[in-house]
Each structure stands twice: as C-alpha cells, then as structure tokens.
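Q: everything below, folded, please.
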Amino acid sequence: MQFATLLLEKKEHMAILTLDQPRIINALTPQMAVEFAEAAAMVQKDPDIRVLIVTGQGKSFCSGGDLRDTFEMFNRPSAQAQPTVINFYKSFLSLSSLEIPTVAVIKGHTIGAGLCLAMACDMRIASSDTRMSMSFIKIGIHPGMGGTYTLPRLVGTAKALELCLLGEPISADEALRIGLLNHVVPPEKLQDFSLDFARRIANNPPIAARLIKRSIYRNLDADLDSALALESFSQILCASTADMKEGVAAAREKRPPIFKGC
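A: The predicted structure is shown next:
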C-alpha cells in the first residue's frame with residue numbers, strides 16, 4: 001500500500017516505517033495520523049514481521065505536531081476538540097498496541113509530539129547529534145500524546161517534571177544517561193547499528209519475544225503473584241513450541257538456532 005506521508009517497507013523479518021515529510025521536518029499532521037494507524041494495522045496483520053523500526057526521512061526524526069493543524073484542532077469548543085485530539089493521539093499511539101517489539105531510530109530534532117512518538121516505542125536508538133525536548137511548555141501548552149504517561153515511566157517522576165517544566169533540549173548523551181535512550185551511536189553508523197539491533201531481536205523466537213513484551217508491560221503495575229502467574233503461563237506456552245525444541249537442539253549441537261515462529 002502506498003502512503004502520501006509515510007514509507008513502509010519490509011526487510012527480512014523487520015518492517016521499517018518512515019515519517020516521510022522532510023520538508024516540514026516530518027511534523028505530525030492529521031493525514032499522517034490516518035496513514036500511521038493504517039500502517040500499524042498492516043504490520044499487526046503480517047505474521048512474518050517480528051520487529052518494527054520507526055524512523056524519519058531527512059536530517060531529523062520529527063519536529064512535533066504541525067502547528068497549523070494543532071491550532072485548528074484546538075480552536076473549537078472543548079466538547080468538539082477533545083475527541084478530535086484524542087483520535088489524533090491514538091492514531092500514532094496505535095503502535096503501542098502492537099504485539100511485536102518496536103524500536104524508534106531517531107536523529108536531529110526530536111521535539112514535542114515527535115519525542116512522545118519515540119517514547120511510545122519499546123526502545124530508542126539515537127545518533128549522537130540528536131537533540132530532544134518536551135517543548136510543549138515553550139508554546140504555552142500542556143504535553144500530549146501520552147507524554148506524561150510514558151516519560152515518568154522511563155526517567156522517573158522528578159526528571160520527567162524537570163523535562164516538561166523546563167521544555168529545554170537535552171543531548172543524546174544526557175538522554176542515554178537518564179534512561180530515555182537505549183543506545184547512542186555516531187550519525188554515520190546509525191542505520192547499520194539499528195538494523196543489526198532489530199535483526200538480532202528478529203532472529204530470536206517471535207512467540208517468546210511477544211510474550212516477553214506483554215509480561216514486561218503488564219507487570220509494571222502488577223503485584224508479584226500476578227507477575228508469577230503470567231510468567232509461568234508464558235513459560236509453559238513457550239515450552240510447547242517447535243522454537244523451544246529448536247533452541248535446545250541448537251544449544252546441544254553447538255550451532256546457531258533457526259526459529260520459525262511456531
């Protein structure tokens with residue numbers, strides 16, 4: 001399927017979803033929102049895809065929401081504006097409901113709603129030239145698109161408050177230090193490093209990977225007994241798969257395993 005604002009391609013067991021509006025620094029627009037939700041649904045339905053990479057075309061990942069569209073959404077009575085804004089958020093946050101692992105690959109400017117989109121992914125890799133900020137307060141607005149939900153879970157309450165109340169940019173190295181990023185690499189190595197990172201995940205058994213992702217998120221707010229119940233169920237389910245048999249056989253035979261997702 002062809003999109004006007006995005007590119008979606010498959011490579012091995014990976015999907016790469018690229019924000020493709022470099023003229024406006026990949027700003028998030030209503031049209032992109034609709035297409036993003038469609039692309040996420042396509043990825044969800046493809047059993048061959050084991051990892052999704054989300055990135056941006058050009059020199060930067062995303063400059064946030066397109067201000068003209070944002071002001072148009074907000075310039076309505078609140079009873080009309082809120083459902084529109086929530087639908088806009090949810091279209092991009094549809095990637096949060098994907099069962100497969102997701103990786104944001106970011107560079108250059110990663111600002112406001114663009115940073116929120118990156119935080120909605122499971123993991124984040126950035127080039128060393130990346131500058132990111134929760135810049136909403138700088139234009140007199142409250143953060144949106146799940147930013148006040150995801151940010152404190154990644155960096156803690158006090159640091160999340162600091163980033164949101166100052167709205168100032170931080171470097172990739174600082175973002176790595178506080179836990180906002182998984183890896184920082186030189187710009188010229190970003191693509192190769194990110195593809196290799198995603199490929200290493202995709203080469204692992206996909207059933208186990210999906211169950212791990214589910215357990216990690218569900219157990220964030222669970223008690224220990226609930227966590228143990230989910231873990232034991234997931235282990236027993238994995239034990240019934242051909243992939244576990246292959247993993248054990250490969251370990252015994254001292255060879256790389258080949259996992260088929262069954």
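Q: what residues are up against the nearest residue to V155 once chain neighbours are set aside?
A: Sequence neighbours aside, I178 is the residue nearest to V155 in space, at 4.8 Å (criterion: CB to CB, 6 or more residues apart in numbering). Using the backbone N, CA and C atoms, a C-beta is placed for each residue, glycine as well. Listed by CB atoms under 8 Å, 6 or more residues apart in numbering, the contact set of I178 reads 155-156, 159.
Q: how about the helices in the chain?
A: Here the chain has its helices, by DSSP state H, at 30-45, 67-74, 78-92, 113-120, 147-155, 157-166, 172-177, 190-202, 206-218, 224-239, 242-253.
Q: mean pLDDT lowest for which of these?
A: Lowest mean pLDDT of these: helix 67-74, a mean of 72.
Q: what comes up buried for it?
A: 69-70, 73 (16 or more other CB atoms under 10 Å).
Q: so which elements touch it?
A: Contacts defined by 3 or more CB pairs under 8 Å, 6 or more residues apart in numbering; DSSP states H and E place helix 67-74 against helix 78-92.
Q: restricting to C-alpha, output the helix it packs on in CSV.
A: Output of helix 78-92 as CSV, limited to C-alpha atoms (Å, rounded to 0.1, in the frame of the first residue of the first chain):
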residue,chain,number,x,y,z
SER,A,78,-13.8,21.8,24.1
ALA,A,79,-16.6,19.2,23.7
GLN,A,80,-15.7,19.0,20.0
ALA,A,81,-12.0,19.5,20.3
GLN,A,82,-11.2,16.8,22.8
PRO,A,83,-12.4,13.8,20.8
THR,A,84,-10.6,15.0,17.7
VAL,A,85,-7.3,15.5,19.7
ILE,A,86,-7.7,12.0,21.4
ASN,A,87,-8.2,10.4,18.0
PHE,A,88,-5.1,12.2,16.7
TYR,A,89,-3.1,10.8,19.6
LYS,A,90,-4.4,7.3,19.3
SER,A,91,-3.6,7.1,15.6
PHE,A,92,0.1,7.5,16.3
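Q: which other residues reach it?
A: Residues from elsewhere that reach helix 78-92, judged by CB under 8 Å, 6+ apart: 28, 30, 33-34, 36-37, 73-76, 113, 117, 120, 144-146.
Q: please redo it, this time with the cut-off set to 10 Å
A: Residues outside helix 78-92 that contact it (CB atoms under 10 Å, 6 or more residues apart in numbering) are 28-30, 32-38, 40, 54, 62, 65, 69-70, 72-76, 93, 96-97, 113-114, 116-117, 120, 144-147.
Q: relative to helix 30-45, how tilted is it?
A: Angle of helix 78-92 versus helix 30-45, following axes from the mean of the first three to the mean of the last three CA atoms, to 10 degrees, is 40 degrees.
Q: would you mind getting the angle between helix 78-92 and helix 147-155?
A: Going by the same axes, to 10 degrees, helix 78-92 makes 40 degrees with helix 147-155.
Q: that older thread, out of the helices of the chain, which is the most enclosed?
A: Among the helices of the chain, ranked by average contacts under mean count of other CB atoms under 10 Å, first place goes to helix 113-120 (a mean of 27).
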